[in-house]
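Participant: Got a predicted structure plus its sequence, pasted below:
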Amino acid sequence: MEVPSLRAAATAACVLLAAFLLYCRLRRRLPPGPRPWPVVGNLYDVKPVRFRCYAEWAQRYGPVVSVWLGSTLNVVVSTAELAREVLKEKDQQLANRHRNRASAKFSRDGQDLIWADYGPHYVKVRKVCNLELFTPRRLEALRPIREDEVTAMVESIYRDCVNPERVVHEQLRWVFDGSVVHGVPAENRGKSLTVRSYVGAVAFNNITRLAFGKRFMDADGVIDAQGMEFKGITTTGMKLGASLSIAENIAWLRWLCPLEEEAFAQHGARRDRLTKAIMEEHTRLRQQSGGKAKQHFVDALLTLQKQYDLSDDTIIGLLWDMITAGMDTTAISVEWGMAELIKNPGVQAKAQEELDRVVGRDRVMTEADFPNLPYLQWVAKEAMRLHPPTPLMLPHRANADVKLAGYDVPKGSNVLVNVWAIARDPAVWKNPLEFRPERFADEDVDMKGHDFRLLPFGAGRRVCPGAQLGINMVQSMLGHLLHQFRWEPPQGMRPEDIDMSENPGLVTYMHTPLQAVATPRLEANHLYKRVPFEM
Ligand code: HEM
């Protein structure tokens, strides 16, 4: 008698619990959105260029939309007011990260910064970034590296556009999105250049030098053995990241599609080996120089390791975060900016007129000129308004049940801010689709997280710590490209024919790499020489 009554009680408890959970679920008022299909949700409704698809859905369902990717709820907001609610008012409850199985492996379950949940570890590492790595002093100390790299880019473009016979080494054609640009055909060399390969090299060298204190590329663009290893690691990382299947979104399918554990382990070990070898080199050099630390992040982190109680995994994770977050984003911004400047020759001429007036024609621009070049600053800002490199930022995850615009957002949901859609919202921007840097003369809009209409770097506690560095790099590249060259579309192509569509992905490259013809503008040859700086 005892056993059946116990069983009945247990069954009743289960039924009650299920009914209660169902009741809670039905009672929730989730944001509207496309009707989810069983199991897959909206996985097959989402178009590859997600931010455009979400912007269309915002038109249909309103500024806050529910999108079910399998069993995970993603809430996408598309107005400046809602961005403020997410990134300012509810910032603390929405500051976790969603880690899929790949990012969990890469970050050793959030022991870095990008993939760390908001908590004591995050606060500590973020403090290291804010107080030690990205200080104005360190950025200034690293300025010669940036000027070395941007002048190296100018020299390389100059050689390629005045010397059609120059052989482009295969490695020079390697571009940092991991793809190989099947560069300029032989008969066109010196006429039409693939802009991405030049700006990609600047971003690559800048970030590797800043993080690892290493220039992996020689003056001819040939990458050394350590650099090839670095390249191999990033390419494998991208492949592994892309290898995840639909099971990523449907938790109970995962047993059917296990991770390639072995490949992830090998990748992690390879990355650790290279990074530790570089860390040891730095430690040795520091000891030889009587403890004098250099300004690179690797040196800074090693000397601060005890003070901040940083594990080796955290140092390695942070260094690779800089590579992941800082390289593509800057190159992408410049490529889009150049596409807009070629499509809008009037804007290009106006920026060049300002550069000639402020810098003159017998020296090259430096970052010290920035304060006197407001139009150049607006050009960079306008490029990042229309083409934010991370149009949905990085997803934030709710660490508690939250209300957004009066709707329920349950704990564990992802919240995305469509900064691309907000920056094109006609309710807050006049003629939003026009590339018109002058708009910032009428109103000086901040882009580092204080004005929710313009958020290329996000806002709030997870705002990009590299924002100022990114702005300096983008302005510097654009400034040199404009001051030293005139830019036109390839022969036979009209400016309006430039393909302005985007590649799918977390970061948004131009779908068709920009091709353009560069003509030197300054007379003296010596202005096209690299100014190398050993550091
Ligand atoms: C034009 C250049 C750049 C753009 C547009 C950009 C944009 C962003 C955005 C939108 C986020 C996510 C913010 C959020 O989740 O709310 C982010 C995070 C981050 N960025 Fe940048 N970024 C740029 C350059 C850089 C550079 C140069 C570095 C470092 C070398 C860097 C390092 C980081 C890191 C470490 C994070 C993670 C912050 C966190 O999770 O707390 N970024 N960036």
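Facilitator: Now that the structure is in, tell me what you want to look at.
Participant: C-alpha only now, for contacts and for neighbours.
Facilitator: Will do.
Participant: Tell me where the stretch 251-400 of the chain has strands.
Facilitator: With DSSP state E, counting those that start in this stretch as the criterion, the stretch 251-400 of the chain has strands at 396-397.
Participant: Find the residue closest to the residue of it found nearest the ligand in space, skipping its chain neighbours.
Facilitator: As assessed by Cα to the nearest ligand atom, the ligand sits closest to residue 326 within the stretch 251-400 of the chain, at 3.4 Å. Leaving aside its sequence neighbours, residue 326 sits nearest to residue 207 (Cα to Cα, 6 or more residues apart in numbering; 6.8 Å).
Participant: And for residue 47?
Facilitator: residue 53 (5.8 Å).
Participant: ok, the one you found to the ligand distance?
Facilitator: To the ligand, residue 53 is 19 Å away according to Cα to the nearest ligand atom, to the nearest Å.
Participant: What distance do you get for that residue to residue 155?
Facilitator: Applying Cα to Cα, to the nearest Å, the value for residue 53 to residue 155 is 41 Å.
Participant: Next: residue 49.
Facilitator: Note on residue 49: its distance to residue 155, by Cα to Cα, is 36 Å.
Participant: Which residue of these two possesses the greater neighbour count?
Facilitator: Legend: neighbour count by other Cα atoms under 10 Å for residue 49 and residue 155, higher for residue 155 (19 against 15).
Participant: That one is in what secondary structure piece?
Facilitator: In the assignment (DSSP states H and E), residue 155 maps to helix 143-162.
Participant: Tell me the strands beside whichever helix or strand comes after that helix, with direction?
Facilitator: Where DSSP H and E defines the elements, the next helix or strand beyond helix 143-162 is strand 193-194. Strand 193-194 pairs in its sheet with strand 515-520 (antiparallel), by DSSP bridges.
Participant: Figure out how far the partner strand is from the centre of its chain.
Facilitator: 26 Å (Cα atoms, centre = their mean, to the nearest Å).
Participant: tally of neighbours for the residue nearest to residue 394 when sequence neighbours are not counted?
Facilitator: Of all residues not flanking residue 394 in the chain, residue 416 sits nearest, at 7.2 Å (Cα to Cα, 6+ apart). For residue 416, the neighbour count with other Cα under 10 Å is 23.
Participant: How about the contacts made by residue 416?
Facilitator: Residue 416 makes contact with 74-77, 392-396, according to Cα atoms under 8 Å, 6 or more residues apart in numbering.
Participant: Who wins on neighbours among the residues you listed?
Facilitator: residue 77 (30 neighbours).
Participant: wait, that one sits on residue 64?
Facilitator: Yes. Between residue 77 and residue 64 there is a contact under Cα atoms under 8 Å: 4.5 Å.
Participant: Find residues that contact each of those two.
Facilitator: Both residue 77 and residue 64 are contacted by residue 58, under the criterion Cα under 8 Å, 6+ apart.
Participant: Do I have it right that the residue nearest to residue 47 meets residue 44?
Facilitator: No. Checked against Cα under 8 Å, the pair residue 53 and residue 44 is beyond contact range at 12.0 Å.
Participant: which regions of the stretch 351-500 of the chain sit below the pLDDT cut-off?
Facilitator: Filtered on pLDDT under 70, the stretch 351-500 of the chain yields no residues whatsoever.
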